[in-house]
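Asks: A predicted structure for the sequence below; I have some questions about it.
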Amino acid sequence: MFESVAAVAVPFILAGLGGLLSEQAGVLNISLEGCITLGAFTTALLITLGISVPLAVCGALVLGALFGLLLSGIHMGLKANLFIAGMGINLLIPSLSGLISNGIWGHKGTLRIGSDYILSPVSWLMIPLTLLFILVIHRSCLGIRLKAAGLAPEFLSERGISPNRVRIAALTISSAMASLAGVFLVMRVDAYVPGMSSGRGWIALVLIWLGFRNSLGVLVSSYFFSLIMVLSNMAQGSTALPAAMLKTLPYAATLVAFTIASIRHSAPKFPRQRRRRVSGIRGGQLPTP
C-alpha cells in the first residue's frame with residue numbers, strides 16, 4: 001500500500017511544489033489543472049507518433065514551459081487578471097487536445113502508448129526533490145528573489161533586478177512541473193484518457209495552503225490526501241457504503257484537515273507573561289505588576 005500511496009502522491013507533489021514556487025513570487029499559477037492535461041496529452045501524442053519516450057517527456061516539459069510564458073505574457077504584458085487568464089488556459093488545453101486528437105485519429109477518446117517503464121523509483125524521488133526545494137526557497141539567491149518579488153518588489157528594483165522577470169521564471173517553471181505531473185500520470189496508466197487530470201491541479205492549490213505554504217508541508221499534505229484516496233478505493237469493494245460516498249471521502253478529509261489546520265494556525269497566541277497572569281487570576285492570586 002505504501003508504494004500505491006507514493007505513486008498516487010507524485011502528481012500532487014509536482015504540481016503543488018510548482019504552484020508553491022509561483023505563489024512565493026506573488027503570481028499563483030491557476031493553470032496547473034490545464035498544464036497537467038497538457039503534459040499527459042503531449043506525451044501520449046508524441047509517443048503514438050513514433051517519438052521516443054525521453055524526447056516525448058522533454059517535449060511535454062518544453063510545451064508546459066511555453067504555456068507558462070503565455071500565462072505570464074497575458075498577465076504581465078497585457079495586464080489581464082491572473083485568475084481569469086489561468087482559467088482560460090484550463091479551458092483551452094482540453095479543447096485543443098480534443099481538436100488535435102480528432103484531426104489525427106478521428107476521435108477524442110483514449111490514446112494508448114504501451115510503455116513498460118517502472119515508475120517506483122520516481123515515486124520515492126519526491127522526498128529528495130522536496131528537500132531540494134527547501135534549500136532553493138530558503139537557502140539560495142533564487143529563493144530570496146522569489147520571496148522579494150512577492151513581498152517587496154521594490155527591493156529587487158533598487159538592485160537592478162526586474163521583479164517581472166522573476167515572476168515570469170516562476171510561472172514558467174511552475175507550468176513545466178505541472179506538465180511533468182501529467183507525464184507521470186500517462187506513463188503510469190500507459191494511456192491518455194480525456195479528463196484524466198480529475199481536478200489534481202485544483203487539489204494541488206489546496207494542498208499548498210494545507211501545507212502552510214511550505215515545501216515540506218506540501219509533501220506531507222500530498223501523502224495524506226493520497227493515503228485517504230487509496231483507502232477509499234480499497235474500501236469500495238469491501239464495504240456496503242455507496243461508491244459515490246467513498247469517492248468523496250478524500251475531499252471531505254482534506255476539507256476537515258484544512259479547516260482544523262487553519263483554526264490552529266490563526267488561533268491567538270498569548271505571550272508567556274500573559275499566560276502566567278491569566279493562570280494566577282484563575283488560581284485566586286493577584287498578578288504582580
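Replies: Looks like it arrived, so ask away.
Asks: tell me which residues in the helix ranked longest in the chain are buried?
Replies: Looking across the chain with DSSP state H, the single longest helix is helix 163-189. The neighbour-count check on helix 163-189 (16 or more other C-beta atoms under 10 Å) flags 163-164, 166-188 as buried. From N, CA and C alone the C-beta is placed, and that goes for glycine too.
Asks: mind checking pLDDT for Ser266?
Replies: In this model, Ser266 is scored at 65, pLDDT.
Asks: ranges for the strands of the stretch 101-250 of the chain?
Replies: Applying DSSP state E, counting those that start in this stretch to the stretch 101-250 of the chain gives strands spanning 111-112, 191-192.
Asks: Next, the residues that contact the first one from outside, please.
Replies: By C-beta atoms under 8 Å, 6 or more residues apart in numbering, the surrounding residues in contact with strand 111-112 are 41, 44-45, 48, 101, 105, 190-192.
Asks: repeat that with 6 Å
Replies: 44, 48, 191-192 (C-beta atoms under 6 Å, 6 or more residues apart in numbering).
Asks: ok, now the last one?
Replies: Counting by C-beta under 6 Å, 6+ apart, strand 191-192 makes contact with 40-41, 44, 110-112, 186, all of which sit outside it.
Asks: swap the cut-off to 7 Å and go again
Replies: Residues outside strand 191-192 that contact it (C-beta atoms under 7 Å, 6 or more residues apart in numbering): 40-41, 44, 110-113, 186.
Asks: which sections of the chain are below the confidence cut-off?
Replies: Applying pLDDT under 70 to the chain flags the ranges 115-116, 118, 237, 240-241, 243, 261, 264-289.
Asks: Let me see the ranges of the helices in it.
Replies: 2-24, 32-48, 53-72, 82-105, 120-124, 126-139, 141-151, 153-157, 163-189, 200-210, 215-235, 243-247, 249-266, 272-282.
Asks: which one of these is the most hemmed in?
Replies: A comparison of those by mean neighbour count, using mean count of other C-beta atoms under 10 Å, puts helix 32-48 on top with a mean of 28.
Asks: between that helix and helix 2-24, how many degrees?
Replies: 120 degrees (axes from the mean of the first three to the mean of the last three C-alpha atoms, to 10 degrees).
Asks: In terms of secondary structure, what does helix 32-48 contact?
Replies: Applying 3 or more C-beta pairs under 7 Å, 6 or more residues apart in numbering; DSSP states H and E, we find helix 32-48 packed against helix 2-24, helix 53-72, helix 82-105, strand 111-112, helix 163-189, strand 191-192, helix 200-210.
Asks: what does stretch 64-75 contact?
Replies: 27, 31, 35, 38-39, 80, 82, 85-86, 89, 167-168, 171-172, 174-176, 178-179.
Asks: coming back round to it: among the helices and strands packed on helix 32-48, which comes closest to His138?
Replies: helix 2-24 (10.2 Å; C-beta to C-beta).
Asks: Between helix 163-189 and the closest one, find me the angle.
Replies: Counting by the same axes, to 10 degrees, helix 2-24 lies at 160 degrees to helix 163-189.
Asks: List every C-alpha atom in helix 2-24, with coordinates, as CSV.
Replies: This file holds the C-alpha atoms of helix 2-24, laid out as CSV (Å, rounded to 0.1, in the frame of the first residue of the first chain):
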residue,chain,number,x,y,z
PHE,A,2,2.9,2.4,0.7
GLU,A,3,4.0,2.1,-2.9
SER,A,4,0.5,2.9,-4.1
VAL,A,5,0.3,6.0,-1.9
ALA,A,6,3.7,7.2,-3.1
ALA,A,7,2.7,6.7,-6.7
VAL,A,8,-0.7,8.5,-6.3
ALA,A,9,1.0,11.4,-4.5
VAL,A,10,3.6,12.2,-7.3
PRO,A,11,1.3,14.4,-9.4
PHE,A,12,0.1,16.3,-6.3
ILE,A,13,3.7,16.9,-5.1
LEU,A,14,5.0,18.0,-8.5
ALA,A,15,2.0,20.3,-9.2
GLY,A,16,2.0,21.5,-5.5
LEU,A,17,5.7,22.4,-5.5
GLY,A,18,5.3,24.1,-8.8
GLY,A,19,2.3,26.1,-7.5
LEU,A,20,4.2,27.0,-4.3
LEU,A,21,7.1,28.3,-6.4
SER,A,22,4.8,30.7,-8.2
GLU,A,23,2.9,31.6,-5.1
GLN,A,24,6.2,32.7,-3.4
